[in-house]
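[1] sequence plus predicted model, see below.
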Amino acid sequence: MTQPQHYELLIRDGTVIDGTRAPRFTADVGVRAGQVAAIGDLSGHSADEIIDARGRIVAPGFIDAHTHDDEALLSQADMTFKLSQGVTTVIVGNCGISAAPLRPALDLPMPLTLLGLPPDRRFPSFAAYLKALRAAPSSVNVGALVGHSTLRVMTMAALDRAANGDEIRAMQAWVQEAMEAGALGLSAGTFYPPASHASTEEIIEVGRPLSAHKGLYVTHMRDESDKVLEALEETFRIGRELAIPVVISHHKAMGKPNFGKSAITLPFIRETMQHQCVALDCYPYDAGSTMIRSDRGMLEGRVLIASSTPHPECAGRELDAIAAEWQVSKEQAAQRLQPGSAIYFLMDENDVRRILAFDETMIGSDGIPVGDSPHPRLWGTFPRVLGHYSRDVGLFPLETAVWKMTGLTARNFGLQGRSTLKVGHHADVVVFDAATVRDTATYAAPAQAAAGIDCVIVNGVMAWRHGRHSGARSGQVLTRTPASAA
Ligand SMILES: [Zn+2]
């Protein structure tokens, strides 16, 4: 260092884990004008605000690779459930459901209802949605996907069939519009009724505009249980035909007969990675959460109701108990509770650990920010990986845990200039205590901020400190930079 410098923020004597998987090192970090201005020995330098980070980890802010925060970014703009975990960027528009484009008069089927869009909030184009995000920034950055199910609802008269030529052309035009506006790619959710009748060919044709933009195809696959291998093959084929990267969302092996199957899916994914771009994410729990379904496969394990429009009083209760009280079958009770969301205990912990530990797996919460009894992953995903799985279980070193939520994710989503701590990068930073960081959100009490997160800085602005939101809303809209252009 030459002349002493002045910074807006100086994080002193921390242990830096830079998000590249490199070993930790001790350094000061200086922040100025929204950027990391210096990393090293900055003693003798001054700052408007100094943070003593002795004994603490200083890491890039985390990217939540898989969220349904599309509407929450606008209506819950402080984003406390994410910021309090150290998350500084969320990817929205997953599982085929995006907040845009939608017409005002449209009746939204499940699972589009999971977004919690009020009836008066409709964005006629993807550009209009991004404009709204820029006009009223939230406390975190956002990268957005356009959803195939949303496009089907927008363009098709009936959803119980594959799209015809005119409908495909209409959806293509919307994908083109979204990519030009700054979308990261297209998501699909053929697992869900609004898209389950879409053929592979429909998705490939709708996705045509992605090729020129090097947009991503992100998928909640058609099947995550008995036919998960076939679903992987379909995903890889879509990626190959469009010559684009694919992201497998919340990879899992669901249902008892499929326990242990990740020992087959992961080698298949790794083998395919030799020939084409494949990424995947995972949440650190053995229960999933989605819309209330009444098919038997989904109801075979323990089911907790997270939210219900007709029966809000049932949130937080077991489906078994509700069915017994109403003297109906579980299927009938589930139907009466629709629309709503539920938590399903359908995974094997060994699969969860094997998928989390797979070196290419990113961390994504899949949290659903609706209702009072959400799955605890909404508030707990990132500290749970850092505290429970990395520190307590010893699944991987802390450097790997941080990489899975920063550098790896930024690379896969084409987000340049952030998510690794490097001079000149945007200053998204989290300071946490490796010894005490942990998730406190539980199934019984899910809305609980993490322990051990000291402060969270978004684009150089202090957003979370000492367990409190600063009120700052310095998040930005992030658009895709293809790796080839980097
Ligand atoms: Zn999903």
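    Ah, there it is.
[2] what's the closest non-adjacent residue to the residue nearest the centre of the chain?
    Residue closest to the mean C-alpha point of the chain, counted by Cα atoms, centre = their mean, is residue 66 at 1.7 Å. Closest residue in space to residue 66, ignoring its immediate chain neighbours: residue 364 at 2.8 Å, by Cβ to Cβ, 6 or more residues apart in numbering. Every residue, glycine included, has its C-beta placed from N, CA and C.
[3] still on that earlier bit, correct me, but the residue nearest to the centre of the chain touches residue 91?
    Yes. Between residue 66 and residue 91 a contact is recorded at 6.4 Å, counting by Cβ atoms under 8 Å.
[4] which SSE is the closest residue to residue 221 other than its chain neighbours in?
    Distance criterion Cβ to Cβ, 6+ apart; nearest residue to residue 221, sequence neighbours excluded, is residue 231 at 3.9 Å. Element membership of residue 231 [criterion: DSSP states H and E] is helix 228-242.
[5] starting at the chain centroid, how far to that helix?
    21 Å (Cα atoms, centre = their mean, to the nearest Å).
[6] what is that helix packed up against?
    helix 200-206, helix 208-213, strand 216-220, strand 246-248, helix 262-273 (3 or more Cβ pairs under 8 Å, 6 or more residues apart in numbering; DSSP states H and E).
[7] what about 6 Å?
    helix 200-206, strand 216-220 (3 or more Cβ pairs under 6 Å, 6 or more residues apart in numbering; DSSP states H and E).
[8] and among those, the most buried is which?
    Comparing the helices and strands packed on helix 228-242 by mean neighbour count (mean count of other Cβ atoms under 10 Å), strand 216-220 ranks first with a mean of 27.
[9] neighbouring strands of it in the sheet, and parallel or not?
    Its sheet considered, strand 216-220 pairs with strand 185-189 (parallel), strand 246-248 (parallel) by DSSP bridges.
[10] of those, which stretch is the most buried?
    strand 185-189 (a mean of 29).
[11] could you tell me the end-to-end distance of stretch 195-208?
    The first residue of stretch 195-208 is 18 Å away from its last residue (Cα to Cα, to the nearest Å).
[12] from the chain's centre, how far out does it sit?
    Offset of stretch 195-208 from its chain centre (Cα atoms, centre = their mean): 23 Å.
[13] same question, stretch 464-476
    So, by Cα atoms, centre = their mean, the centroid of stretch 464-476 is 20 Å from its chain's centroid.
[14] ok, now stretch 210-227?
    That offset, for stretch 210-227, works out to 15 Å (Cα atoms, centre = their mean).
[15] likewise for stretch 10-24?
    Counting by Cα atoms, centre = their mean, stretch 10-24 comes out at 24 Å from the chain centroid.
[16] now do the same for residue 111: its pLDDT.
    Here, the pLDDT recorded for residue 111 equals 88.
[17] excluding its backbone neighbours, what's nearest it?
    That would be residue 291: by Cβ to Cβ, 6+ apart, it lies 4.2 Å from residue 111.
[18] endpoints of stretch 102-122, how far apart?
    Distance across stretch 102-122, first residue to last, is 6 Å (Cα to Cα).
[19] before we move on, back to that, please point out which parts of the helix holding residue 231 sit buried.
    By neighbour count with 16 or more other Cβ atoms under 10 Å, helix 228-242 contains the buried residues 228, 231-232, 234-236, 238-239, 241-242.
[20] quickly check: that helix near the ion or not.
    No. Helix 228-242 stays clear of the ion (Cβ under 5 Å from the ion), getting no nearer than 12.5 Å.
[21] okay, the angle between that helix and strand 185-189?
    Put simply, helix 228-242 runs at 150 degrees to strand 185-189, going by axes from the mean of the first three to the mean of the last three Cα atoms, to 10 degrees.
[22] what's in contact with helix 228-242?
    Contacts to helix 228-242, defined as Cβ atoms under 6 Å, 6 or more residues apart in numbering, come from residues 200, 203-204, 207, 210-211, 217, 219, 221-223, 246, 272, 276.
[23] distance of the residue nearest to residue 66 from the ion?
    Computed with Cβ to the ion, to the nearest Å, the distance linking residue 364 and the ion is 10 Å.
[24] what's near enough to touch the residue of the stretch 1-150 of the chain found nearest the ion?
    The ion sits closest to residue 95 of the stretch 1-150 of the chain, with a gap of 3.4 Å, by Cβ to the ion. Contacts for residue 95 (Cβ under 6 Å, 6+ apart) come out as 189, 220.
[25] how about it, secondary structure?
    coil (DSSP: H, G, I helix; E, B strand; the rest coil).
[26] and the stretch 101-250 of the chain, which of its residues are near the ion?
    Proximity of the stretch 101-250 of the chain to the ion, by Cβ under 5 Å from the ion, involves residues residue 220.
[27] again, only using 8 Å
    Residues of the stretch 101-250 of the chain lying close to the ion (Cβ under 8 Å from the ion) are 189, 191, 220, 249-250.
[28] repeat for the stretch 351-486 of the chain
    So the stretch 351-486 of the chain meets the ion at residue 366 (Cβ under 8 Å from the ion).
[29] please enumerate the strands of the stretch 351-486 of the chain.
    361-363, 429-432, 453-458, 461-465, 468-469, 477-478 (DSSP state E, counting those that start in this stretch).
[30] try the stretch 51-200 of the chain
    57-60, 62-64, 87-92, 141-147, 185-189.
[31] TSV for the ones you listed, including mean pLDDT and distance to residue 437?
    Below are the strands of the stretch 51-200 of the chain laid out as TSV (pLDDT from 0 to 100; distance: least, Cβ to Cβ, whole Å):
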stretch	mean pLDDT	distance to residue 437
strand 57-60	98	8
strand 62-64	98	12
strand 87-92	98	13
strand 141-147	98	22
strand 185-189	98	30
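[32] please identify which of these is closest to residue 456.
    Comparison of the strands of the stretch 51-200 of the chain against residue 456 by Cβ to Cβ identifies strand 87-92 as nearest, at 6.5 Å.
[33] and the closest one, is it in reach of the ion?
    No. Interface with the ion: strand 87-92 contributes nothing (Cβ under 8 Å from the ion), its closest point being 12.3 Å away.
[34] residue contacts, the residue nearest to residue 66?
    Contacts of residue 364 by Cβ under 6 Å, 6+ apart are 64-66, 281.
[35] can you get me a residue count around the closest residue to the ion within the stretch 351-486 of the chain?
    At 6.0 Å from the ion, residue 366 is the closest residue in the stretch 351-486 of the chain, using Cβ to the ion. Residues contacting residue 366 under the criterion other Cβ atoms under 10 Å number 25.
[36] and the gap between it and residue 375?
    In this view, residue 366 and residue 375 are 8 Å apart by Cβ to Cβ, to the nearest Å.
[37] so which bits of the helix-or-strand element of the chain with minimal mean pLDDT are buried?
    Ranking every helix and strand in the chain by mean pLDDT, DSSP states H and E puts helix 296-299 at the bottom, with a mean of 85. Buried positions in helix 296-299, judged by neighbour count with 16+ other Cβ under 10 Å: 298-299.
[38] got the contact list for that helix?
    With contacts defined as Cβ under 6 Å, 6+ apart, helix 296-299 is touched by 330, 344.
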